[in-house]
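>>> attaching a predicted model along with its sequence, questions to come.
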Number of protein chains: 4
Amino acid sequence: MVQSFGPVRHTATYEVVAEHIRRALQLGRYLPGDKLPPERALALQLGVSRTVLREAIRALEGEGLVESRRGAMGGLVVLNNEVPADQLKAMIASRFDQLEQLYEFRLANECAAARFAARRRTAEDLRKISEALQRMEAIVGGVAEHNDSNTVARFTSADSAFHLGIAEASRNGFIAQAVEDAWVRRFLPIGNVFMRIEPDANNGHRRLFDAIETGNAAEAEAAMGDHIQETLATLRGYLNDRLRTR
Amino acid sequence: MVQSFGPVRHTATYEVVAEHIRRALQLGRYLPGDKLPPERALALQLGVSRTVLREAIRALEGEGLVESRRGAMGGLVVLNNEVPADQLKAMIASRFDQLEQLYEFRLANECAAARFAARRRTAEDLRKISEALQRMEAIVGGVAEHNDSNTVARFTSADSAFHLGIAEASRNGFIAQAVEDAWVRRFLPIGNVFMRIEPDANNGHRRLFDAIETGNAAEAEAAMGDHIQETLATLRGYLNDRLRTR
Amino acid sequence: MVQSFGPVRHTATYEVVAEHIRRALQLGRYLPGDKLPPERALALQLGVSRTVLREAIRALEGEGLVESRRGAMGGLVVLNNEVPADQLKAMIASRFDQLEQLYEFRLANECAAARFAARRRTAEDLRKISEALQRMEAIVGGVAEHNDSNTVARFTSADSAFHLGIAEASRNGFIAQAVEDAWVRRFLPIGNVFMRIEPDANNGHRRLFDAIETGNAAEAEAAMGDHIQETLATLRGYLNDRLRTR
Amino acid sequence: MVQSFGPVRHTATYEVVAEHIRRALQLGRYLPGDKLPPERALALQLGVSRTVLREAIRALEGEGLVESRRGAMGGLVVLNNEVPADQLKAMIASRFDQLEQLYEFRLANECAAARFAARRRTAEDLRKISEALQRMEAIVGGVAEHNDSNTVARFTSADSAFHLGIAEASRNGFIAQAVEDAWVRRFLPIGNVFMRIEPDANNGHRRLFDAIETGNAAEAEAAMGDHIQETLATLRGYLNDRLRTR
DNA sequence: GTGGTCTAGACCACA
DNA sequence: GTGGTCTAGACCACT
């Protein structure tokens, strides 16, 4: 039996740390303008030396994700990594194949997650999911400032928390990890499409939550399926619609 | 917004290499008795120095996975990692929760994989899947030597190739990766349950293959679902049946 | 090829700042009794925080160069760093070797500076040089108060401005820098020798200025050479003359 | 008296270290292909930690001056920092004003150095200067390989050692420092002009050495003056001559 | 009390 | 025995 091994790559610790932080930003755990914990605390949490953490920060600064400011009021500030509107469609189009696969992957795992969550969610799970849902609804309800870039970031963050909350409520570590991975790999700026261009596209959340709350597994799975399909359709429509964009 | 980061761990290169090889063994790419490529070639393929590779091998030897033999006929030989029959049930029972989650995860991803594979499989995909299927059927058909430990390993290897082949035929990298991950995390010795105790349990493969070959997506998904459910049921039955074991 | 590197030393910022200020004092840009700019302004000019500036000031106070006085009329006051007459000769003698080298260095660079200045000086250059010359002549002319310590400082300051003006008029940054370096390294109190003991020694300045003004490069170079040689001779005479001192 | 202070800059230690090494390379103490001392030794010599040294090395690698290679035969290798022939003239032209000033500065200090060296050189000084001279003559004599880039580097290195040897023989630290500074600031690739385009331009060295050896100060000064003027003339000719270059 | 830098020592990967 | 990386602790500069 002939087999061939691919090359392994040694990832320096600072790379791992950078990826870790990048992941947190990607999941919306920090919003633009937020400060990451102070270097010393962060290094402690991550279990690495400050030297290594700082090397990771230097990398993130190079990517324009964070900025480190000195002084008493300083700290690690998360930057707004927004894509200019006129480049957004091109950037999404260039990775649409990838995104389509990702949505298939999400469909498989998040539907399962919704089904299990409807059966197994704890009160605490419900509380978290509900809180994220309310954050989303508050943002969409406050129609005033949809163009504020931070609004998009805040909505994306709540959206992410909602879906990850359901994944966690599935009480299945493998599925939860898969859902998180999918969100991390998501191209962040597509949040703009939903918030700026189709703010109504995100209305399946309430139906999904109700199904999970009432423990209706089949409905939860269906709601999740519809929601994700709808999202993908919105994205596809955005790309194909030459009249409404720009 | 308060958030906390978990610790990152630095994996030495030799750990990564060991994991890489362990994975190949877990997926049945090498059978007990097979030889891994010579050290020099392997180091080259992996892109690491022989020093590091040797350290990885030392670790694998420590786990009893491989053995390095000197001399002209020597090399890195894959060992038979069999669990004694009298410990098998206990070992499976102790990690049954984990296995159940794993099966839920497989269900989500492999059903999706089957559905997409039915639509997208190429001739080459079909050839690979078919070849694995035939290997399984040949082993089950040759009733003579079900107790031979290598038979179990050979069956497990073919089983793995069958499922991974379908995953690959789904033409979705995320799903394929998830399926592979699930197989890697599978507790290897459970192969014995199916081969030794319930050799008939693995009869869903042909139905699955036919559905994929004929491009019947719904049937493929259903067949995969039934197959995995059945497998889990077999396992559950094995654990609960106090009469037939030992 | 075998080579060895010497040690590098890390200079703290406050050291750099202190040296910067010390240099300004050494060049006579501030006279005893003058006030340096207020701390806040100075810190701004220097591009450092007040904390660092204050540390530098503390060092300068330790050397007796400045004194910081509180209150409405306070500020950073430049002190008179005079050497008592009875120690002057000993101090000069102890570093005479160094001074001799310095005069050789000045000879090389200031003669070149004079030559180029005669050819390249602008009207503005001439104005500055002339102004410094007049200040010197006014001080030497006003015979009354040669013993006043500030007179010496004022003369030294004008002398410095005269020579640095010529260096600048040479329109050669390297030479100008070398001349300034030489003046900074000069042992400040030797000004006393010329003012107190040989007030006539400084009469080459007018000849030098005329040559530069009329654009006579050869004469300028010769005048500068004679002037510096003469100065050194005065110093040497002062040290050798056992009768006239003390 | 109104005065304004310029900003001071805090130079991190690794910057100082980088400058230190850059200086050694600029002075030709190391030739392309040479290895710098091992990191540990170098850090010790420089009196800094390896961390800091490595940061400096990273900077130098970024500038393309050195390359660090791993393994038993590895080390810090000096790269050949050559300018392509077709860019050389433009690069020299763009900084010709600066170079002209530099030559004036060299004229002032190196003539003085030659004069003092003729009077004060020790036997050891003569030995060093002579050795450098012989290296130059050997390279110019071996006409075969003037186009080899390392030949230029080797000549430049010997040239530098020759002039710095004279500066040191002047027994005047200020002048020696000024000469070294001038060489460090020299635009390195101009060595190509003398070696490739006008290999005969460097024949004043022997006359200069003889004068210093015989202790003829006036002749030494004159020889140095002629030599530097000639070098500048060669450079000027190279820039103006449109026919012979490219 | 923040980020910025340096140190001394250790272990790892490489050839 | 080379360069590559990480650690723990310290001090400095900034606001």
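Perfect, thanks for sending it.
>>> give me the neighbour count for A:L133.
Neighbours of A:L133 under the rule other C-beta atoms under 10 Å in any protein chain shown: 20. For every residue, glycine as well, the C-beta is placed using N, CA and C.
>>> OK, contacts around it?
A:158, A:162, A:205-206, A:209 (C-beta atoms under 8 Å, 6 or more residues apart in numbering or on different chains).
>>> what does A:V193 give?
Taking C-beta under 8 Å, 6+ apart as the contact definition, A:V193 lies against A:88, A:92, A:234-235, A:238.
>>> and A:L65, what's its pLDDT?
Note for A:L65: predicted pLDDT of 89.
>>> just the helices in chain A please.
Ranges of helices in chain A, per DSSP state H, are A:13-26, A:39-46, A:50-62, A:85-94, A:96-120, A:123-141, A:149-169, A:173-185, A:191-192, A:204-214, A:217-240.
>>> next, count neighbours for the residue lying closest to A:Q229 once chain neighbours are set aside.
Leaving aside its sequence neighbours, A:Q229 sits nearest to A:L107 (C-beta to C-beta, 6 or more residues apart in numbering or on different chains; 7.4 Å). For A:L107, the tally of surrounding residues (other C-beta under 10 Å) stands at 20.
>>> is it correct that A:L107 is in contact with A:H227?
No: taking contacts as C-beta atoms under 8 Å, A:L107 lies outside contact range of A:H227: 9.9 Å.
>>> which residue is nearest the centroid of chain A?
By C-alpha atoms, centre = their mean, chain A has its centre lying nearest to A:L27, at 3.7 Å.
>>> mind checking how far the closest residue to that residue other than its chain neighbours is from DNA strand E?
Leaving aside its sequence neighbours, A:L27 sits nearest to A:S160 (C-beta to C-beta, 6+ apart; 5.2 Å). Summarising the geometry, the distance separating A:S160 from DNA strand E, computed by C-beta to the nearest atom of the strand, to the nearest Å, is 24 Å.
>>> before we move on, the earlier item: show me which of the contacts of A:L133 is closest to C:F96.
Relative to C:F96, the closest of the contacts of A:L133 is A:A158; by C-beta to C-beta it sits at 80.0 Å.
>>> ok so, going back, list just the nearest of the contacts of A:V193 to chain C.
Each of these was scored against chain C by C-beta to the nearest C-beta, and A:L88 proved nearest at 40.6 Å.
>>> can you pull the pLDDT of A:W183?
Predicted confidence (pLDDT) at A:W183: the value is 94.
>>> and for it, the neighbour number?
Per other C-beta under 10 Å, the neighbour tally for A:W183 reads 22.
>>> repeat that for the one 3 residues further on.
By the measure other C-beta under 10 Å, the count of residues near A:R186 is 18.
>>> for the spatially closest residue to it that is not a sequence neighbour, give me its contacts.
In space, A:R186 comes closest to A:L102 once its chain neighbours are excluded; the distance is 6.6 Å by C-beta to C-beta, 6+ apart. Neighbouring residues of A:L102 by C-beta under 8 Å, 6+ apart: A:182, A:185-186, B:174.
>>> kindly report the same for A:R186.
For A:R186, the contacting residues are A:26, A:99, A:102, by C-beta under 8 Å, 6+ apart.
>>> and which of those residues is nearest DNA strand E?
Taking C-beta to the nearest atom of the strand as the measure, A:Q26 is the one of the contacts of A:R186 closest to DNA strand E, at 20.4 Å.
>>> domain parsing for chain A?
If the domains of chain A are taken from automatic domain parsing, they occupy A:13-78, A:85-240, with pieces of a single domain joined by a plus sign.
>>> most tightly packed of those?
The densest packing among the domains of chain A, expressed as mean neighbour count by mean count of other C-beta atoms under 10 Å in any protein chain shown, is seen in domain A:85-240 with a mean of 19.
>>> what about that one, start to end distance?
Domain A:85-240 has its terminal residues 16 Å apart, counting by C-alpha to C-alpha, to the nearest Å.
>>> what of stretch A:74-84?
Between the opening and closing residues of stretch A:74-84 we find a distance of 28 Å, counting by C-alpha to C-alpha.
>>> distance from the chain centre to the worst-scoring helix or strand of chain A on mean pLDDT, please.
Evaluated with mean pLDDT, DSSP states H and E, the helix-and-strand set of chain A has its lowest mean pLDDT in helix A:191-192, which scores a mean of 77. Computed by C-alpha atoms, centre = their mean, to the nearest Å, the separation of helix A:191-192 from the middle of its chain amounts to 11 Å.
>>> check stretch A:94-106 too.
Taking mean C-alpha positions (C-alpha atoms, centre = their mean), stretch A:94-106 and its chain are 14 Å apart.
>>> where does chain A dip in pLDDT?
Across chain A, the ranges flagged by pLDDT under 70 are A:1-4, A:142-149, A:195-202, A:242-246.
>>> flag every residue of it that's near DNA strand E.
Taking C-beta under 7 Å from any atom of the strand, the part of chain A that reaches DNA strand E is made up of A:10, A:36, A:38-40, A:50-51, A:54, A:57, A:68-72, A:74-76.
>>> near DNA strand F too, which of these?
Applying C-beta under 7 Å from any atom of the strand to the residues of chain A next to DNA strand E, one finds that A:50-51, A:70-72, A:74 fall near DNA strand F.
>>> of those, which is the nearest to chain B?
Closest approach between those and chain B, by C-beta to the nearest C-beta: A:T51, at 13.0 Å.
>>> and the closest one, how close does it get to A:E213?
Here A:T51 is placed at a distance of 48 Å from A:E213 (C-beta to C-beta, to the nearest Å).
>>> show me what from chain A comes close to chain D.
Within reach of chain D by C-beta under 8 Å from any C-beta of the partner chain, chain A has these residues: A:T51.
>>> in chain A, which residue sits nearest chain C?
A:G71 (9.1 Å).
>>> nearest to DNA strand F within chain A, name that residue for me.
Checking chain A residue by residue against DNA strand F with C-beta to the nearest atom of the strand singles out A:G71 as nearest, at 2.2 Å.
>>> next one: that residue from chain D, what distance?
A:G71 sits 15 Å away from chain D, going by C-beta to the nearest C-beta, to the nearest Å.
>>> what residues does that residue make contact with?
Taking C-beta under 8 Å, 6+ apart as the test, A:G71 contacts no residue whatsoever.
>>> can you do 10 Å?
With contacts taken as C-beta atoms under 10 Å, 6 or more residues apart in numbering or on different chains, A:G71 has the following neighbours: C:S49.
>>> so A:L46 touches A:H20, yeah?
Yes: because the distance of 6.7 Å satisfies C-beta atoms under 10 Å, A:L46 is recorded as touching A:H20.
>>> list the residues that contact both of those two?
Common neighbours of A:L46 and A:H20 (criterion: C-beta under 10 Å, 6+ apart): A:56, B:5-8.
>>> narrow the residues you listed to those in strands?
Members of the shared contacts of A:L46 and A:H20 lying in strands (criterion: DSSP state E): none.
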